[in-house]
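Q: With the input below, show me the fold.
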Amino acid sequence: MPEDSIEHINFEDLNNRAISKPLVDHIFTADPSAHVFNGIIYIYPSHDIDAGEAFDDLGSHFAMEDYHVFSMEDIESETKDHGVALHVDDVAWAKQQMWAPDANEKNGTYYLFFPAKDYEGVFRIGVATSESPTGPFKARPKPIENSFSIDPAVFKDDDGEYYMYFGGLWGGQLQRWREGVFNNNKPNSPTAHIPKDNEPALLPFVAKMTDDLFEFSEAPKEIKILDEYGNLILAGDHNRRFFEAAWLHKHQEKYYFSYSTGDTHFICYAIGESPYGPFTYQGKILNPVVGWTSHHSICTIKGKDYLFYHDSSLSKGVTHLRSIKMTEIKYREDGTIETINPYS
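A: As a prediction, the model looks like this:
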């Protein structure tokens, strides 16, 4: 829900109508990345800390400086906080803004993939490793070469290949890379360099990872998101165009690319035949939540898919103090997803 409508909300009523309750209530958490490792559910969210700055579209009000890892024995169990898994002070190249991370596993090593701003104010994507899914994680001394923007999500395909999906508009700086190099003209304008409404929308990126998962094995490629006529979705189509929060999962041998529309607050999805796409838009997974942003992951748990997401109901609408939640995803016979209303 947009910020300007929050002041009119009865939060006690809203929380009573919410289809799911916060999984964590002792700190504020957002952007949950959920995985099952060795039969246990692990959640890798960002950690919301108020910077004391006025709300803006560059994310200046976020003082996100570390990551906690959470675990659940099953979907009904309590959520356990394993403490700080990685702090910005322990990342040599990173200065600030440890935004939405992801994690994965290979050959007994656990990987944390995360964005942060370097000392030049440019978002890069880093990698940290641990022998435990809960950390602590040790960051590599440099970010991934040729990485940029935010919201890394690393998908392991059935053939054992790993792919990173990433990108985010406005504060996520994706629009500043339109020419292949960082454009810092009008640095205080989050909408500078955004395409015109009648032009194709900016696209997220994908790159296959090297065997050690430390670097890209290829130059990142744009992911085409098409409408029902096979055309690229336009920048002015704010209810369907990509904004941030890329995620990939498979269902019935199809690839489902899901993402947030940002300023219109939907989680949408598109379906393709390859991890590279193209992906054809299919509909909405989640209608707007309280709070400006919407960010998610999809995790298979005992044969069912669950949506992990967040809202700001626990902080009574403070848009940058969010709490992670989860709910089951339901598919129709044709493979499309039933749209979830976060409040009944």
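Q: Quick check: which ranges of this protein have low pLDDT?
A: For the chain, residues meeting the criterion pLDDT under 70 lie at 1-8, 51-62, 319.
Q: at 90 instead, please
A: For the chain, the stretches with pLDDT under 90 are 1-16, 49-63, 291-293, 313-321.
Q: where along it do the helices fall?
A: 11-17 (DSSP state H).
Q: Centroid-nearest residue for it?
A: Ala245 (3.4 Å; C-alpha atoms, centre = their mean).
Q: So that one versus Thr327, what's the distance?
A: Separation of Ala245 from Thr327 (C-beta to C-beta, to the nearest Å): 16 Å. All C-beta spots, glycine's among them, are computed from the backbone N, C-alpha and C.
Q: for Glu105, same thing?
A: Distance of Glu105 to Thr327, computed by C-beta to C-beta: 25 Å.
Q: before we move on, what about Ser274?
A: Applying C-beta to C-beta, the value for Ser274 to Thr327 is 29 Å.
Q: next one: Gly180
A: The spacing between Gly180 and Thr327, counted by C-beta to C-beta, is 39 Å.
Q: Neighbour count for the two, which is higher?
A: A side-by-side neighbour count of Gly180 and Thr327, using other C-beta atoms under 10 Å, places Thr327 first with 16 against 9.
Q: Would you confirm that the more buried one contacts Asp305?
A: No. With contact defined as C-beta atoms under 8 Å, Thr327 does not count as touching Asp305 (10.4 Å).
Q: Break down the stretch 151-300 of the chain into its strands, ranges please.
A: Secondary structure of the stretch 151-300 of the chain (DSSP state E, counting those that start in this stretch): strands located at 153-156, 162-166, 205-208, 221-222, 225-226, 244-251, 254-260, 267-272, 279-286, 297-301.
Q: who does the third one touch, helix- and strand-wise?
A: Translated: strand 205-208. If you count contacts as 3 or more C-beta pairs under 8 Å, 6 or more residues apart in numbering; DSSP states H and E, strand 205-208 packs onto strand 162-166, strand 221-222.
Q: and with 6 Å instead?
A: Secondary-structure packing of strand 205-208 (3 or more C-beta pairs under 6 Å, 6 or more residues apart in numbering; DSSP states H and E): strand 162-166.
Q: now the first one
A: In this structure, strand 153-156 packs against strand 102-106, strand 162-166, strand 244-251, with contacts taken as 3+ C-beta pairs under 6 Å, 6+ apart.
Q: Could you do the second one as well?
A: With contacts defined as 3+ C-beta pairs under 6 Å, 6+ apart, strand 162-166 has these neighbours: strand 153-156, strand 205-208.
Q: buried set for stretch 107-115?
A: Of the residues in stretch 107-115, Tyr110, Tyr111, Leu112, Phe113, Phe114, Pro115 count as buried by neighbour count, 16 or more other C-beta atoms under 10 Å.
Q: Among these, name the ones in strands.
A: Tyr110, Tyr111, Leu112, Phe113, Phe114, Pro115 (DSSP state E).
Q: can you tell me which of those lies nearest to Phe155?
A: Nearest to Phe155 among these, counting by C-beta to C-beta, is Phe113 at 11.2 Å.
Q: can you pull up the bridge partners for that closest one?
A: On the basis of DSSP bridges, Phe113 takes part in beta bridges with Asp102, Val127.
Q: What residues does it make contact with?
A: With contacts defined as C-beta atoms under 6 Å, 6 or more residues apart in numbering, the neighbours of Phe113 are Asp102, Val127, Pro152, Val154.
Q: is the last one in a bridge, and if so with what?
A: What that stands for is Val154. For Val154, the beta-bridge partners under DSSP bridges are Met164.
Q: So it sits against Asn104, correct?
A: Yes. The pair Val154 and Asn104 passes the contact test of C-beta atoms under 6 Å, sitting 4.7 Å apart.
Q: For Val36, state which of the buried residues of stretch 107-115 is nearest.
A: Using C-beta to C-beta, those come closest to Val36 at Tyr110, 12.8 Å.
Q: Give the buried residues for stretch 291-309.
A: For stretch 291-309, using 16+ other C-beta under 10 Å, the buried residues are 291-299, 301, 305-309.
Q: That one spans what distance, first to last residue?
A: 12 Å (C-alpha to C-alpha, to the nearest Å).
Q: likewise stretch 165-176?
A: One end of stretch 165-176 sits 18 Å from the other (C-alpha to C-alpha).
Q: ok, now stretch 200-207?
A: The straight-line separation of the ends of stretch 200-207 (C-alpha to C-alpha) is 21 Å.
Q: got it, and stretch 122-142?
A: With C-alpha to C-alpha applied, stretch 122-142 spans 13 Å between its terminal residues.
Q: Then stretch 112-125?
A: Termini of stretch 112-125 sit 10 Å apart (C-alpha to C-alpha).
Q: For it, what is the distance to the chain centroid?
A: 15 Å (C-alpha atoms, centre = their mean, to the nearest Å).
Q: Just the buried residues of it, please?
A: Judged by neighbour count (16+ other C-beta under 10 Å), stretch 112-125 contains these buried residues: Leu112, Phe113, Phe114, Pro115, Ala116, Lys117, Asp118, Val122, Phe123, Arg124, Ile125.
Q: Next: stretch 265-274.
A: Neighbour counts over stretch 265-274 (16+ other C-beta under 10 Å) mark His265, Phe266, Ile267, Cys268, Tyr269, Ala270, Ile271, Gly272 as buried.
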